[in-house]
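Colleague: this is a predicted model, with the sequence first.
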Amino acid sequence: MSTRTDELTHRAPETDPDNPLTRERAHLAASRAALRAMREEAESLDTSNVAATWVSAEALRHDIDQRIRALADLSDTPLFFGRLDYLNAPGTDGTEGTEETDEAHRFYIGRRHVHDTGGDPMVVDWRAPVSQPFYRASRRDPMDVALRRRFGYTAGDLTAYEDEHLTDPAEADTTSKLLQQEIERPRVGPMRDIVATIQPEQDEIVRSGLSGTVCVQGGPGTGKTAVGLHRVAYLLYAYRDRLARTGTLVIGPNRSFLHYIEQVLPALGELEVKQATVDDLVAHVEVRGADDAAAAVVKGDARMAEVLRRAVRSHVTLPTEPVVVVRGSRRWRVPAYELEEIVRELQARGIRYGAAREALPQRIAHAVLVQMERAGEAPDDRVQDAVARNPAVKAAVKEIWPPVDPAKLVLRLLGDAEFLAAHADGVLSEDEQRAILWAKPARSVRSAKWSAADAVLIDEATDLVQRTPSLGHVVLDEAQDLSPMQYRAVGRRCTTGSATVLGDLAQGTTPWATRSWEEALAHLGKDEAVIEELTAGFRVPTDVIAYASRLLPHIAPGLAPVASVRENPGFFEIRTHTDDAEVAGACEELLGREGSVGLIAADARVPALAEALAAAGIGHLGPGEETTRETRLTLVPASLAKGLEYDYVVLDEPGAVVAGEPDERTGLRRLYVALTRAVSGLIVTHTAELPPQLG
Ligand SMILES: Nc1ncnc2c1ncn2[C@@H]1O[C@H](COP(=O)(O)OP(=O)(O)OP(=O)(O)O)[C@@H](O)[C@H]1O
């Protein structure tokens, strides 16, 4: 970032009409009036005479309502946050016919496009090509920008601006104060957008094209989630029609995380993006059971796809009997060897089991038709359809290529050792087969205690039978925790689209956590993806990230520590205590400051701490619940802390967080996640010894 410093961060607006701030405020007022006019125009649209049918009238009404909502002037989100003055008016080459007005050179950058009654832009969308230099232009590559101006707001009022003259050799490189203020602004409520301060390396990811998949490795607080959400917003702008047809989806690890991020896209005017967890995507059965780690690892292994493929295909039986179709006085006979040829040909084509099953009767009918033609008849398509529906053909298809119910198939694999062995032979070891077999086979799909990993197996089997519809773009957040089979489940939802994969190998806390992005991308079916790395940390203060990074050599050797860009050093304390009342006391102390507070603890410690808080008369929320001015404390089980952030964090008993996981490495990773949630300060409280890796 390069700017001229605080003496150029102008403040204290005067009414003097020559004061730039006065002029900028006038532009803000005029832009708001223009937005109001756009909204009023949308509101006054009468759809009754336009649409031909009730359905299209409804659709049109929906579109207009969306537009009205998107045109809301939100008092707490400034209409524009930046301005670019180009040296040459964009879209012109400075020659003949060029309009040399100020307006042709000057662009105000904001969350949405606003135009005046004449259709001239008052504010341009941050995603428009003309806005890009706001994020990317530098002294080295000014991108034809003479002036970049950032605006500062206080309670909705435009109160400051900051200029950079990128082509002025006399200007020095320094950090933007307004950017710094924005990064340090206290967090209350859900996640917010970062349009005003997207960094160049983030912008490159945000604006990368729709056709390619991007994978982002980044430590805690490097803005992965923010970048992923802004990328969807960008893609929806740049490829609106295509994505409106195919759809977009954001996948997050759990409900509370999705709740935390759900307002970012609507604030950017994008109301149609779906959100889901991987479990939501594969909800073919009710999940009521859980696997031990050994079973879950095998069930999540990509080799299970081969076991399932074999099991599905095993339902095909090569015909041994001919099919005899009687039509009127004639009998037509398709011999077994010819049926076998048809079946083998369908198998070789590698189409879905269900598609092949649908094609089979037509193929048999075709064989009959050929015989009819040879006998001098002239059958048409209707005859072929009738033959395909003939009871003899139907009976043969049922015998040769019976329907497969994916859930029943998985039920059988997990309950029937012989059936499993028949299809897992040479793929899974005997131990692995034993690990996934149910101790007590379930009787039916309804009564089975399905686990989350089982649901993914059913999803794979479902896709073997019938192709899963693909979306235009999928953002996969906290990807490092997915099993190979889960990657496959996500991958088949973007086979014809692309993906943004976001994660941190050091934060993987599942037994099957991702070891390398190349491997993960192969499971996703996106080998060609580009892998980017983000290393600048926007969340965690320097001292805290340095402390947490002591764990890195033990949890992800080879990953570089995050470099915090926060100037405010924050505070960091380690306290020993004797009872839980002191933990509640630490929370109370932090509630005396501005912003949100999170008390993070091993899951098993949560009930005791809830009691201690209640005894101290301190109200608290659960993760993902919205903090309000009145209740700013959230009690967070360590297992749900991922992806969330709080201004201040009390981390209870690190040793218990580590001990809460099945193995030490996972425990230390969980601790790393918990240690990296704080924006402004962290208090670690403990009675037991601290894990030696933090020493
Ligand atoms: N360019 C930016 N300007 C201002 N704030 C930013 C910027 N980039 C990220 N942030 C803020 O930093 C915080 C961390 O961002 P985010 O949650 O996206 O990080 P992450 O990499 O997903 O973290 P984690 O690995 O912990 O999930 C958020 O509050 C986000 O708004």
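Modeller: Arrived safely, thanks for sending.

Colleague: residue boundaries of the strands in the stretch 451-600 of the chain?
Modeller: For the stretch 451-600 of the chain, the strands defined by DSSP state E, counting those that start in this stretch occupy 473-476, 498-503, 530-534, 536-537, 563-564, 571-576, 597-601.

Colleague: roughly how far does whichever residue of the stretch 451-600 of the chain sits closest to the ligand sit from Trp450?
Modeller: Nearest to the ligand, among the residues of the stretch 451-600 of the chain, is Phe538, at 3.3 Å (C-beta to the nearest ligand atom). (Each C-beta comes from the backbone N, C-alpha and C, glycine too.) Distance, Phe538 to Trp450, using C-beta to C-beta, to the nearest Å: 40 Å.

Colleague: hang on, the earlier thing: per-residue confidence at the residue of the stretch 451-600 of the chain closest to the ligand?
Modeller: pLDDT, Phe538: 92.

Colleague: cool, the one 5 residues further on as well?
Modeller: Reading off the per-residue confidence, Asp543 sits at a pLDDT of 93.

Colleague: alpha carbons of stretch 680-695, as CSV, please.
Modeller: C-alpha atoms of stretch 680-695 as CSV (Å, rounded to 0.1, in the frame of the first residue of the first chain):
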residue,chain,number,x,y,z
SER,A,680,-7.6,-7.1,19.5
GLY,A,681,-6.6,-9.1,22.5
LEU,A,682,-6.2,-12.5,24.0
ILE,A,683,-6.2,-13.8,27.6
VAL,A,684,-5.1,-17.4,28.0
THR,A,685,-6.3,-18.8,31.4
HIS,A,686,-5.1,-22.1,32.8
THR,A,687,-4.7,-24.2,35.9
ALA,A,688,-3.1,-27.3,34.3
GLU,A,689,0.3,-27.0,32.6
LEU,A,690,0.4,-25.4,29.2
PRO,A,691,1.2,-27.8,26.3
PRO,A,692,5.0,-27.9,26.0
GLN,A,693,4.8,-27.0,22.2
LEU,A,694,3.8,-23.5,23.3
GLY,A,695,6.8,-23.2,25.5
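
Colleague: any residue of it touching the ligand?
Modeller: No - judged by C-beta under 6 Å from any ligand atom, stretch 680-695 stays clear of the ligand, getting no closer than 11.5 Å.

Colleague: so is stretch 122-141 next to the ligand?
Modeller: No - on the criterion C-beta under 6 Å from any ligand atom, stretch 122-141 is out of touch with the ligand, staying 9.3 Å away.

Colleague: buried residues, that stretch. List them.
Modeller: 122-127, 131-138 (16 or more other C-beta atoms under 10 Å).

Colleague: will you turn those into a markdown table that also has pLDDT?
Modeller: Output for those, formatted as a markdown table (pLDDT from 0 to 100):
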| residue | pLDDT |
| --- | --- |
| Met122 | 95 |
| Val123 | 96 |
| Val124 | 96 |
| Asp125 | 95 |
| Trp126 | 96 |
| Arg127 | 97 |
| Ser131 | 97 |
| Gln132 | 96 |
| Pro133 | 96 |
| Phe134 | 96 |
| Tyr135 | 95 |
| Arg136 | 95 |
| Ala137 | 94 |
| Ser138 | 91 |
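
Colleague: of these, which belong to strands?
Modeller: Met122, Val123, Val124, Asp125 (DSSP state E).

Colleague: ok, so of the residues you listed, who is nearest Val684?
Modeller: Within those, distances to Val684 taken as C-beta to C-beta reach their minimum at Asp125, with 43.8 Å.

Colleague: what is the burial count for the nearest residue to the closest one once chain neighbours are set aside?
Modeller: By the measure of C-beta to C-beta, 6 or more residues apart in numbering, the closest residue to Asp125 outside its immediate chain neighbours is His113, 4.5 Å from it. His113 is flanked by 17 other residues according to other C-beta atoms under 10 Å.

Colleague: ok, His113 to Asp18 distance?
Modeller: From His113 over to Asp18 the distance is 29 Å, taken as C-beta to C-beta.

Colleague: and if you look at Ile400?
Modeller: From Ile400 across to Asp18, the span is 87 Å (C-beta to C-beta).

Colleague: residue contacts, Leu166?
Modeller: Residues in contact with Leu166 (C-beta atoms under 8 Å, 6 or more residues apart in numbering) are Ser2, Ala137, Ser138, Arg139, Pro142, Val145, Ala146, Leu147, Arg148.

Colleague: Ile400 and Asp18: which has the busier surroundings?
Modeller: Ranked by neighbour count (other C-beta under 10 Å), Ile400 and Asp18 place Ile400 first, with 23 against 7.

Colleague: that one reaches Leu360, doesn't it?
Modeller: Yes - using C-beta atoms under 8 Å, Ile400 is in contact with Leu360, at 6.9 Å.

Colleague: what sits in contact with each of the two?
Modeller: Val343.

Colleague: what about the residue of the stretch 451-600 of the chain closest to the ligand, neighbour count?
Modeller: 23.

Colleague: now swap in the one 10 residues further on and tell me
Modeller: With neighbours defined by other C-beta under 10 Å, the count for Ala548 comes to 25.

Colleague: could you give the angle of the lengthiest helix in the chain to strand 121-125?
Modeller: If you go by DSSP state H, the chain has its longest helix at helix 20-44. Angle between the axes of helix 20-44 and strand 121-125 is 80 degrees (criterion: axes from the mean of the first three to the mean of the last three C-alpha atoms, to 10 degrees).

Colleague: sorry, back to before: just curious, which of the ones in strands among the buried residues of stretch 122-141 is nearest to Ala172?
Modeller: Ranked by distance to Ala172 (C-beta to C-beta), these are led by Val124 at 29.0 Å.

Colleague: how much space between the closest one and His62?
Modeller: From Val124 to His62 the distance is 27 Å (C-beta to C-beta).

Colleague: same question for Arg389.
Modeller: 41 Å.

Colleague: tell me the pLDDT of the residue of the stretch 301-450 of the chain found nearest the ligand.
Modeller: Closest residue of the stretch 301-450 of the chain to the ligand, C-beta to the nearest ligand atom: Ala302 (25.2 Å). Looking at Ala302, its pLDDT reads 98.

Colleague: again, but for Thr15
Modeller: 63.

Colleague: what's near enough to touch the residue nearest to Leu339 when sequence neighbours are not counted?
Modeller: Spatial nearest neighbour of Leu339, excluding adjacent residues (C-beta to C-beta, 6+ apart): Pro319 at 4.0 Å. Neighbour list for Pro319: Ala336, Leu339, Glu340, Val343, Ala396, Glu399, Ile400 [criterion: C-beta under 8 Å, 6+ apart].

Colleague: quick check: residues of the stretch 101-250 of the chain near the ligand?
Modeller: So far as C-beta under 6 Å from any ligand atom goes, the stretch 101-250 of the chain lies against the ligand at 182-183, 194, 197-199, 202, 218, 220-226.

Colleague: quick one, strands of the stretch 51-200 of the chain?
Modeller: 80-86, 106-110, 114-115, 121-125, 145-154, 157-164.
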